[in-house]
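After the sequence you'll find the predicted model.
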Amino acid sequence: MARVLPGMIAWGLVTGMAMTTSGLPLPIVLLMSLLVFAASAQLSAVPLLLVGAPLWLIWLTALCVNLRFVIFSAQLRPHMMTLPLRWRLVAGYLSADVTYVLTVHRHGEDAPANGANPEPLAYFLGVALVNWTGWNVASLLGIAFASQIPQTWGLGFAGSLALLALLVTLIKDGRGLLSVVVGAVVAVVAWGMPMRLHIVVAIVVAVAAGLAFDRWAAVARGQARVGR
């Protein structure tokens with residue numbers, strides 16, 4: 001977590017500052033910081049709360065922003081199914097973009113976790129607890145010192161750079177790079193979609209592109225073997 005925690009701390013500070021300066025009551029800000037644990041959902045919900053939007057719209061917006069976690073959890077599922085339901089729910093709460101990425105990067109190709117193979121779950125738990133603690137400490141600091149931290153520090157941009165650096169380390173071949181490019185282009189083209197649905201659309205298209213590229217590569221390898 002050492003390489004990504006600075007970026008997560010930057011995002012936590014920005015989110016805490018944004019919620020505090022929005023004018024929401026302090027108890028609500030503190031409760032949201034500790035319970036929601038999702039920067040994109042928090043930053044999407046705050047403006048709706050301030051204008052008195054109906055509760056269903058706030059929930060729907062947060063749901064759309066976080067739909068990417070359905071895809072993330074599908075890849076983590078083989079390791080999680082060895083756990084009882086209550087602990088799977090805890091794992092779902094602790095899951096985050098960084099938690100997912102690091103766990104899949106390290107154990108995505110491993111055999112499903114079980115009593116004889118606890119390492120994937122142990123790794124997930126360690127990463128998740130460090131991430132949760134770092135995020136919430138940073139968010140609470142952002143809430144406490146919102147008026148003292150200048151916007152010119154560009155903390156939000158620093159968080160984006162940290163995530164970008166993590167993304168680059170995960171690109172292992174040309175197919176992965178093409179999938180990233182496809183997802184980025186779709187995200188830009190679909191930017192105007194409501195409730196930040198461009199994020200969900202870009203993820204779905206990028207995953208579909210990656211699967212298609214893998215399938216084409218497998219077909220090409222099979223044809224090459226037949227040709228020999």
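Ah, there it is.

Per-residue pLDDT of the residue nearest the centre of the chain, please?
A centroid search over the chain (CA atoms, centre = their mean) returns Asp97, at 2.3 Å, as the residue closest to the centre. Among the per-residue scores, Asp97 holds a pLDDT of 84.

ok, now Leu170?
Reported pLDDT at Leu170 in the predicted model: 66.

Ile71 is in what secondary structure piece?
Assignment of secondary structure by DSSP states H and E places Ile71 within helix 68-80.

what's the answer for Thr99, then?
Per DSSP H and E: Thr99 is located in helix 97-107.

So what's the model's average confidence on the helix holding Ile71?
Helix 68-80 shows an average pLDDT of 87 in the prediction.

Next, the angle from that helix to helix 97-107.
The directions of helix 68-80 and helix 97-107 differ by 40 degrees, with axes from the mean of the first three to the mean of the last three CA atoms, to 10 degrees as the criterion.

low pLDDT regions in this protein?
Low-confidence segments of the chain, defined by pLDDT under 70, are located at 149-167, 169-170, 195-196, 227-228.

and the closest residue to Gln42 other than its chain neighbours, what is it in contact with?
Leaving aside its chain neighbours, Gln42 sits nearest to Val36 (5.3 Å; criterion: CB to CB, 6 or more residues apart in numbering). Heads up, the C-betas are built off the backbone N, CA and C, glycines and all. For Val36, the contacting residues are Gln42, Ala45, Ala62, taking CB atoms under 8 Å, 6 or more residues apart in numbering as the criterion.

what's the first one sitting at in phi/psi?
Gln42 has phi and psi values of phi -60, psi -50 when expressed as degrees, to the nearest 10.

How many neighbouring residues does it have?
Neighbours of Gln42 under the rule other CB atoms under 10 Å: 20.

buried residues in the longest helix along the chain?
Taking residue count as the measure and DSSP state H as the definition, the longest helix of the chain comes out as helix 197-227. Judged by neighbour count using 16 or more other CB atoms under 10 Å, the buried positions of helix 197-227 are 198-207, 209-210, 213.

okay, those residues in CSV with distance to Val186 next?
As requested, those are arranged in CSV below (distance: CB to CB, whole Å):
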residue, distance to Val186
His198, 8
Ile199, 10
Val200, 10
Val201, 6
Ala202, 4
Ile203, 9
Val204, 9
Val205, 5
Ala206, 7
Val207, 11
Ala209, 9
Gly210, 13
Phe213, 15
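
Residue ranges of each domain in the chain, please.
Partitioning the chain according to automatic domain parsing yields domains covering residues 5-170, 173-228.

most packed of those?
Comparing these on average neighbours per residue, with mean count of other CB atoms under 10 Å, the densest one is domain 5-170 at a mean of 16.

For Pro112, pull up the helix or strand it's in.
Pro112 is part of no helix or strand when elements are defined by DSSP H and E.

what's the answer for Leu125, then?
When secondary structure is defined using DSSP H and E, the element that contains Leu125 is helix 119-144.
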